[in-house]
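Engineer: Sequence unavailable; structure follows:
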RNA sequence: GGAAGGGUCGCCUAGUGGUCGAUGGCGCACGCUUGGAAAGCGUGUAAGCUGUAAAAGGCUUCGAGGGUUCGAAUCCCUCUCCUUCCGCCA
């Protein structure tokens, strides 16, 4: 969440920023409720002060009678303030983070600037198949039985692809740990307060999040949740920053309302495995940390020899907590493009700097060398989203003879297998 | 899942209805002392909100939520977490 004092003092900036980001956050109503809330709080404080003063003495019967009335007024006010606070909080949570000054302001989410392109899409001298066709040909994914067992948009990975999941995990971990990230395997469920503190909205209208019945738990949509919650409520020493973590988890997404988007095969699914980087840094170093994670993502996909490009989210495409987000988009030969042909870029990683937006939400501070405490910065970045990486590998590495070449960097994790072929 | 015990200020701990936001110790910070250090002595040592030019002041928080009461760290209820034992199990 954004600092409420900052919102009060910079209402116009915050309002414009929300508008740039196509956010429906109602700043005026928020400030109105903020004022109301503080007025009620002040009145409550006065009544409580009165009661506390008397409580420090042995009161006379008259005073006891008077305090009984004061107590009733306190109780009534406490009831009245609840809905005000609730509405205030939900509006507050909806206010997006401020935006990095270099980010393009645009209302069109297709405007994301391309920063660079690495590798070249292959020119096939045959008609390439998409990953669903390739998977069928080599018996790599079972959609039909997954649908029977779990429903649409679930899948079983089989044979070489089941092995490749673990190869990708090992490969991603090896790169990240080489850069000083500490490896983790995390819970796949987390409490509502963690999701909310990080800026996810588990019970909202268009939520992407599965909730567990009769509990306050949700299935995580990303290990960002469990790794962001890892230090909740803590004060870290400046000396121990940055904290660099890389975590393996399953990710669950309802994908509500995403039917119209490209969703063939395992591109958009309810469950996938992801290796996620996460950093806790000082405010001074968060931008460099953000760039570092982007470089690691690039290193990972260069290693896999997948053509990709880097995009810088414009304001229309930024999620609430982020001041800036870079994505890697891989070339996917089997993805239909806007011109009606085949082959297009598609998101495979995403790295965001949330500055102090999430740390404020989860109350995570750091103690500076001079002893002062402040909110630290939190950043996340995909190392590998297994399902999407697999699409890119299958589609880019298909050969004329119908086989699929396994990326060199994965082979040692797959019994030195070089090709998938019948 | 069952039984018992327990969650107090960074750590340990005192506190069973009224000057308790909370005792004492450790740790930490500063000062005195010292050639320097240790020991010793002294002082300080939670966070959030509100408020102010800055203060002062006020409010909240003793695992969480609710209840009893004029008044709750203290009594009652629910939940949660930890420890031990039993059961079950990857």
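Structural biologist: Cool, got the structure. Predicted model only: the values in this text are computed from it and were never measured.
Engineer: The one helix or strand residue A:35 maps to near RNA strand B at all?
Structural biologist: Residue A:35 is part of helix A:27-55, with elements assigned from DSSP states H and E. Yes. Legend: contact between helix A:27-55 and RNA strand B by C-beta under 7 Å from any atom of the strand is shown at A:38, A:41-42, A:44-46, A:48-49, A:51-55. The way it works is simple: take the backbone N, C-alpha and C, and place the C-beta from them, glycine included.
Engineer: buried ones in that helix?
Structural biologist: A:27, A:30-31, A:33-34, A:37, A:40, A:44, A:47-48, A:54 (16 or more other C-beta atoms under 10 Å).
Engineer: what comes into contact with stretch A:80-98?
Structural biologist: A:1-2, A:4, A:7, A:13-14, A:17-18, A:21, A:23-27, A:29-30, A:33-34, A:36-37, A:40-41, A:44, A:196, A:199, A:201, A:318, A:320-323, A:354-355, A:357, A:361 (C-beta atoms under 8 Å, 6 or more residues apart in numbering).
Engineer: where in chain A is pLDDT low?
Structural biologist: Scanning chain A for pLDDT under 70 picks out A:203-206, A:257-263.
Engineer: what does it put close to RNA strand B?
Structural biologist: Checking chain A against RNA strand B by C-beta under 7 Å from any atom of the strand, the hits are A:4-5, A:38, A:41-42, A:44-46, A:48-49, A:51-59, A:64, A:67-68, A:70-71, A:373.
Engineer: domain ranges for chain A?
Structural biologist: Listed by automatic domain parsing, the domain ranges of chain A are A:4-94, A:109-420.
Engineer: which residues sit in contact with the residue in the stretch 251-400 of chain A that RNA strand B sits nearest to?
Structural biologist: Proximity of the stretch 251-400 of chain A to RNA strand B (C-beta to the nearest atom of the strand) peaks at residue A:373, 6.2 Å away. Contacts for residue A:373 (C-beta under 8 Å, 6+ apart) come out as A:235, A:365-367.
Engineer: go on, residue A:346?
Structural biologist: With the criterion set at C-beta under 8 Å, 6+ apart, residue A:346 makes contact with A:262, A:267, A:329-330, A:332, A:335, A:388, A:391.
Engineer: so which strand or helix has residue A:333?
Structural biologist: Assigned by DSSP H and E, residue A:333 falls in strand A:324-336.
Engineer: Would you confirm that residue A:244 contacts residue A:293?
Structural biologist: No. Here residue A:244 does not reach residue A:293: they are 9.1 Å apart, not a contact under C-beta atoms under 8 Å.
Engineer: anything in contact with each of these two?
Structural biologist: Residues touching both residue A:244 and residue A:293 (C-beta under 8 Å, 6+ apart): A:277, A:279.
Engineer: Compare neighbour counts for those two and give me the winner.
Structural biologist: residue A:293 (27 against 20; other C-beta atoms under 10 Å).
Engineer: doesn't that one fall inside a helix?
Structural biologist: Yes. According to DSSP: H, G, I helix; E, B strand; the rest coil, residue A:293 belongs to a helix.
Engineer: So it sits against residue A:351, correct?
Structural biologist: Yes. Residue A:293 lies in contact with residue A:351 (C-beta under 8 Å); the separation is 4.7 Å.
Engineer: what residues are shared contacts of those two?
Structural biologist: The contact sets of residue A:293 and residue A:351 overlap at A:277, A:379, A:381 (C-beta under 8 Å, 6+ apart).
Engineer: Export those residues as TSV, with columns for secondary structure.
Structural biologist: Shown next, in TSV, are these (three-state DSSP):
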residue	secondary structure
A:277	strand
A:379	strand
A:381	strand
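Engineer: Restricted to buried residues, select these in ChimeraX.
Structural biologist: Entered in ChimeraX, the line below selects the buried ones among those, by 16+ other C-beta under 10 Å:
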select /A:277,379,381
